[in-house]
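Engineer: Fold the following, please.
(chains A and B)
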Protein chains: 2
Amino acid sequence: MSFEPDALQGFVQRYLDTVSGGSADDVAALYAEDATLEDPVGGGEVHIGRQAIAGFYKNVQGAEISTELLSFRAGGTEAAFVFAITVGGAMRIEPIEVMTFNGEGLITSMKAYWGPANITQL
Amino acid sequence: MSFEPDALQGFVQRYLDTVSGGSADDVAALYAEDATLEDPVGGGEVHIGRQAIAGFYKNVQGAEISTELLSFRAGGTEAAFVFAITVGGAMRIEPIEVMTFNGEGLITSMKAYWGPANITQL
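Structural biologist: Coordinates of the predicted model:
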């Protein structure tokens, strides 16, 4: 199975739009039931399952968030991309993320690579 | 186990320097014995083991290659980065790659995300 690059970019753009404009449950609904999330990679915690993933996004819910896709690469049923996320107009982070998708276009795994060096105070 | 971001960036820079200046066997020696390589992701082929990996790099051996690290993110024992590779002065590709490393700093897995949209004819 494979997706066209444009389809994968659409999934990623929908995800970024939902992170900025939707609720934690809206974002979690883009994940498969048994998906995994590691953000940041190496942070020691992998969130497993849609419920745990909703909990992760609830931590930032309420903050004013904007997102911007900076660079995108497609591969089969996977995507790798650079994006910027601005939180509360105070902090900008530029992670590299890798996502895998199932046949329904739901995210089956997400890994976000970033650290203190990728944070800018605004 | 975890590496400092600078150490991971050093592993990645050594890899890019070896891709441009070393032999296929030199590059393969940076991989663990049982490492895996998927380049491009979604291309349908995963190279398993150092011998198969050396074979992969032999395909480009002989061409004039230069590499440049454009953007780097560290995470635990993993790295994600954007880089440019110029082949024979004729073609420039900008993949996003993800690598995992063992305790000795050898690459245990490499995945390269790129497609036709990321190639520039020079």
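Engineer: in chain A, which ranges drop under the pLDDT threshold?
Structural biologist: For chain A, no stretch is flagged by pLDDT under 70.
Engineer: what does it put close to chain B?
Structural biologist: A:2, A:5, A:40-44, A:71, A:73-82, A:95-96, A:98, A:111, A:113-115, A:117-118 (C-beta under 8 Å from any C-beta of the partner chain). To be clear about C-beta, it is placed using only N, CA and C from the backbone, and glycine gets the same treatment.
Engineer: for chain A, longest helix please?
Structural biologist: Ranked by number of residues, the top helix in chain A under DSSP state H is helix A:5-21.
Engineer: helices or strands next to that one in the packing?
Structural biologist: helix A:24-28, strand A:65-75, strand A:78-87, strand A:96-101 (3 or more C-beta pairs under 8 Å, 6 or more residues apart in numbering or on different chains; DSSP states H and E).
Engineer: quick one: contacts of it?
Structural biologist: Under the contact criterion C-beta atoms under 8 Å, 6 or more residues apart in numbering or on different chains, helix A:5-21 has outside partners A:3, A:26-27, A:30, A:57, A:65-69, A:72, A:74, A:77-79, A:81, A:83, A:85, A:99, A:101, A:105, A:107, B:115, B:117.
Engineer: So among those residues, which ones count as buried?
Structural biologist: For the contacts of helix A:5-21, a burial check counting by 16 or more other C-beta atoms under 10 Å in any protein chain shown picks out A:3, A:27, A:30, A:57, A:65, A:67, A:72, A:74, A:77-79, A:81, A:83, A:85, A:99, A:101, A:107, B:115.
Engineer: wait, isn't residue A:108 in contact with residue A:100?
Structural biologist: Yes - counting by C-beta atoms under 8 Å, residue A:108 touches residue A:100, with 4.8 Å between them.
Engineer: Now do the SS call for the nearest residue to residue A:87 once chain neighbours are set aside.
Structural biologist: Distances taken as C-beta to C-beta, 6 or more residues apart in numbering or on different chains place residue A:63 nearest to residue A:87, at 5.2 Å, with adjacent residues excluded. On the three-state scheme (DSSP: H, G, I helix; E, B strand; the rest coil), residue A:63 is labelled coil.
Engineer: pretty sure residue A:63 contacts residue A:86?
Structural biologist: No - proximity of residue A:63 to residue A:86 does not meet the contact threshold set by C-beta under 8 Å, at 9.7 Å.
Engineer: And these two? Which one has more around it.
Structural biologist: Counted by other C-beta atoms under 10 Å in any protein chain shown, residue A:63 and residue A:86 do not tie: residue A:86 has more neighbours, with 18 against 12.
Engineer: Could you list everything the more buried one pairs with in the sheet?
Structural biologist: residue A:66, residue A:92 (DSSP bridges).
Engineer: contacting residues around it?
Structural biologist: Neighbours of residue A:86 in contact, by C-beta under 8 Å, 6+ apart: A:65-67, A:92, A:122.
Engineer: From chain B, how far off is it?
Structural biologist: From residue A:86 across to chain B, the span is 18 Å (C-beta to the nearest C-beta, to the nearest Å).
Engineer: Show the contacting residues for residue A:25.
Structural biologist: Counting by C-beta under 8 Å, 6+ apart, residue A:25 touches residue A:54.
Engineer: how far away is it from residue A:57?
Structural biologist: If you measure residue A:25 against residue A:57 using C-beta to C-beta, to the nearest Å, the figure is 8 Å.
Engineer: and if you look at residue A:49?
Structural biologist: Where residue A:57 is concerned, residue A:49 sits at a distance of 13 Å (C-beta to C-beta).
Engineer: What residues are bridge-paired with residue A:37?
Structural biologist: Legend: beta-bridge partners of residue A:37 under DSSP bridges are residue A:47, residue A:110.
Engineer: is it true that residue A:89 lies in a strand?
Structural biologist: No - assessed with three-state DSSP, residue A:89 is coil; it does not lie in a strand.
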